[in-house]
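Undergrad: Predicted model and sequence below, questions to follow.
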Amino acid sequence: MKICIVPTGTANLASILGALSRVGASVSVARTPGDLDTAEALVLPGVGSFAAGRAGLDDLGMTPALVQWIEEGRPLLAICLGMQLLARSSDESPGCRGFGIIDHEVTRFDPTVSVPQLGWNLVKGGELVGNGYAYFANSYRLTEAPPGWQAGWADHGGPLVASLERGSQLLCQFHPELSGGWGHALLGRWLKRSADPIREEAVC
């Protein structure tokens with residue numbers, strides 16, 4: 001498959017490029033919105049702040065095409081900040097709007113737990129994600145699952161949304177590309193689902 005990574009301007013792309021290549025994807029990085037026209041699936045990675053990630057996409061003119069892609073239910077993998085940008089807003093950047101595809105707010109962890117959450121945590125996921133230990137690096141999280149998505153959960157001072165899946169769209173608060181063999185197997189399953197038109201018709 002032709003996978004296109006949509007850069008936010010805040011992400012280190014090397015690890016996700018390497019991980020997707022190892023599971024058999026042909027991977028490129030989008031430079032203009034027109035680069036999305038030839039893609040079969042998109043990856044929205046993210047490291048850094050909510051406002052900076054949104055600004056990076058806006059500066060490249062990617063936001064309208066990316067939102068349309070997601071709303072059409074086309075294959076997508078969103079990681080960490082990439083997942084959070086689909087929400088309505090975030091405590092991290094008051095006044096900055098997310099895409100609003102997930103009609104919930106991203107909130108900061110309670111101060112009684114270590115922030116950021118750095119390290120491995122058990123994920124109890126849905127059909128695609130399954131159960132396993134994944135690597136997290138986050139100070140903010142979703143605590144509610146939106147309707148129409150199958151949620152996976154983890155716990156850090158209380159339940160948090162670890163993953164959301166809907167057809168060939170997979171959102172991960174954790175980093176599958178840094179989650180060892182389990183994470184690479186998940187990337188392979190997402191790639192297979194994204195490439196399977198029979199599966200897509202069944203989901204629709």
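TA: In hand now; what should we look at?
Undergrad: now the helices: where do they sit in this structure?
TA: Secondary structure of the chain (DSSP state H): helices located at 14-22, 50-59, 63-71, 81-84, 180-194, 197-203.
Undergrad: Could you dump those helices into a markdown table with distance to residue 158 added?
TA: Placement of C-beta: from N, CA and C, glycine included. Listed next are the helices of the chain as a markdown table, based on distance: least, Cβ to Cβ, whole Å:
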| stretch | distance to residue 158 |
| --- | --- |
| helix 14-22 | 28 |
| helix 50-59 | 21 |
| helix 63-71 | 28 |
| helix 81-84 | 17 |
| helix 180-194 | 23 |
| helix 197-203 | 31 |
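Undergrad: Let's have these in JSON lines, adding mean neighbour count and distance to residue 108.
TA: JSON lines is the format used below for these (neighbours: other Cβ atoms under 10 Å; distance: least, Cβ to Cβ, whole Å):
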{"stretch": "helix 14-22", "mean neighbour count": "16", "distance to residue 108": "25"}
{"stretch": "helix 50-59", "mean neighbour count": "20", "distance to residue 108": "11"}
{"stretch": "helix 63-71", "mean neighbour count": "17", "distance to residue 108": "24"}
{"stretch": "helix 81-84", "mean neighbour count": "27", "distance to residue 108": "12"}
{"stretch": "helix 180-194", "mean neighbour count": "19", "distance to residue 108": "25"}
{"stretch": "helix 197-203", "mean neighbour count": "11", "distance to residue 108": "34"}
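Undergrad: how about those, which one is nearest residue 160?
TA: helix 81-84 (11.4 Å; Cβ to Cβ).
Undergrad: which helices and strands sit right next to that closest one?
TA: strand 41-44, helix 50-59, strand 169-172 (3 or more Cβ pairs under 8 Å, 6 or more residues apart in numbering; DSSP states H and E).
Undergrad: Which one, of the ones you listed, ends up nearest to residue 196?
TA: Closest among these, using Cβ to Cβ: strand 41-44, at 11.7 Å.
Undergrad: Please save the CA atoms from the closest one in PDB.
TA: C-alpha atoms of strand 41-44 as PDB (Å, rounded to 0.1, in the frame of the first residue of the first chain):
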ATOM      1  CA  ALA A  41      -3.900   5.400   3.700                       C
ATOM      2  CA  LEU A  42      -2.700   8.300   5.800                       C
ATOM      3  CA  VAL A  43      -0.700   8.500   9.000                       C
ATOM      4  CA  LEU A  44      -1.000  11.400  11.400                       C
END
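Undergrad: coming back round to it: could you dump the helices and strands packed on helix 81-84 into CSV and include mean pLDDT?
TA: Output for those, formatted as CSV (pLDDT from 0 to 100):
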stretch, mean pLDDT
strand 41-44, 97
helix 50-59, 95
strand 169-172, 98
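Undergrad: can I get these in TSV with distance to residue 180?
TA: Below are the helices and strands packed on helix 81-84 laid out as TSV (distance: least, Cβ to Cβ, whole Å):
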stretch	distance to residue 180
strand 41-44	19
helix 50-59	25
strand 169-172	14
